[in-house]
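Trainee: Take this sequence and fold it.
(2 chains)
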Amino acid sequence: AQKITQTQPGMFVQEKEAVTLDCTYDTSDPSYGLFWYKQPSSGEMIFLIYQGSYDQQNATEGRYSLNFQKARKSANLVISASQLGDSAMYFCAMSPFGSASKIIFGSGTRLSIRP
Amino acid sequence: GAGVSQSPSNKVTEKGKDVELRCDPISGHTALYWYRQSLGQGLEFLIYFQGNSAPDKSGLPSDRFSAERTGGSVSTLTIQRTQQEDSAVYLCASSPTSGGEGNTQYFGPGTRLTVL
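Mentor: Modelled structure (predicted):
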């Protein structure tokens, strides 16, 4: 069975600092994709970044990067130079690599940026 | 281009009534997904469609829940004889292709269902 674990229910970070949101996963699938989504207080789910299990390099998208450590089964999200608008819930998620499939989500981390 | 749209944005109903929630995926996206999110919780998978067929209905909580998709596009989630525990935000998502990064799901704004 697949499982995503996010151990930080809430985090407070000073504006302009970097922040790392932890995510570990468990799966028996040989290939899989890892995702991070942001959910602001308005409720929409915003796709941030994707990492394939076969990718040799860590994914980056602007201020977001994914610290992928396959052997440790971790896929931490790093946000550089945090901004007030980064305050939101962040969900780590995973799906098998094959055909279209549901995404399994973690329980989320609430990130609050202090001015 | 247009994103995923859902209607209504809010629905208040009385216990025991039936409700229909609609999702319009991004044009050209082959896969469509329904999730449920209770207040302060993570996302709970309900069902997904590949084209008009539903390979995975494992998340539907009871036989009061059903969904269909027609023409490989619009989907409707129906909840019969609603109960108070059905109150949640129902999120729809679509993905462009199957597999790998093509499975990245883009979400609609959700329908907030309140059962009185």
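
Trainee: and the lowest-mean-pLDDT helix or strand in chain B, does that touch chain A?
Mentor: Lowest on mean pLDDT, DSSP states H and E among the helices and strands of chain B sits strand B:53-56, with a mean of 84. Yes: Strand B:53-56 lies within reach of chain A by Cβ under 8 Å from any Cβ of the partner chain, at B:55, B:56. Just so you know, the C-beta spots here come from the backbone N, C-alpha and C atoms, and that holds for glycine as well.

Trainee: Which neighbours in the sheet does that strand have, and how are they oriented?
Mentor: For strand B:53-56, the paired strands and their directions (DSSP bridges) are strand B:43-50 (antiparallel).

Trainee: so how far is the first residue of stretch B:105-112 from its last?
Mentor: 20 Å (Cα to Cα, to the nearest Å).

Trainee: Sketch out the low-pLDDT regions of chain A for me.
Mentor: A:98-100 (pLDDT under 70).

Trainee: mind running it again at 90?
Mentor: A:1-2, A:28-31, A:42-44, A:55-56, A:95-104 (pLDDT under 90).

Trainee: what does it put close to chain B?
Mentor: A:33, A:35, A:37, A:43-47, A:50, A:52, A:91, A:95, A:97-108.

Trainee: Please indicate which of these are buried?
Mentor: Neighbour counting over these (16 or more other Cβ atoms under 10 Å in any protein chain shown) leaves A:33, A:35, A:37, A:45, A:47, A:50, A:52, A:91, A:95, A:97, A:100-108 as the buried ones.

Trainee: Skip the chain neighbours and tell me the closest residue to residue 29.
Mentor: Just so you know, I chose chain A. Using Cβ to Cβ, 6 or more residues apart in numbering or on different chains and skipping residues adjacent in sequence, the residue nearest residue A:29 is residue A:96, 4.5 Å away.

Trainee: meant chain B actually
Mentor: Closest to residue B:29 by Cβ to Cβ, 6+ apart is residue B:94, at 3.7 Å.

Trainee: Pull out the buried positions in the helix or strand harbouring that neighbour.
Mentor: Here residue B:94 sits within strand B:88-95, counting by DSSP states H and E. The neighbour-count check on strand B:88-95 (16+ other Cβ under 10 Å) flags B:88, B:89, B:90, B:91, B:92, B:93, B:94, B:95 as buried.

Trainee: Report whether the expected contact of the fifth one with residue B:76 is present.
Mentor: No: the pair residue B:92 and residue B:76 does not pass the contact test of Cβ atoms under 8 Å, sitting 10.2 Å apart.

Trainee: residues shared between the contacts of those two?
Mentor: Residues within reach of residue B:92 and of residue B:76 at once, by Cβ atoms under 8 Å, 6 or more residues apart in numbering or on different chains, are B:21, B:23.
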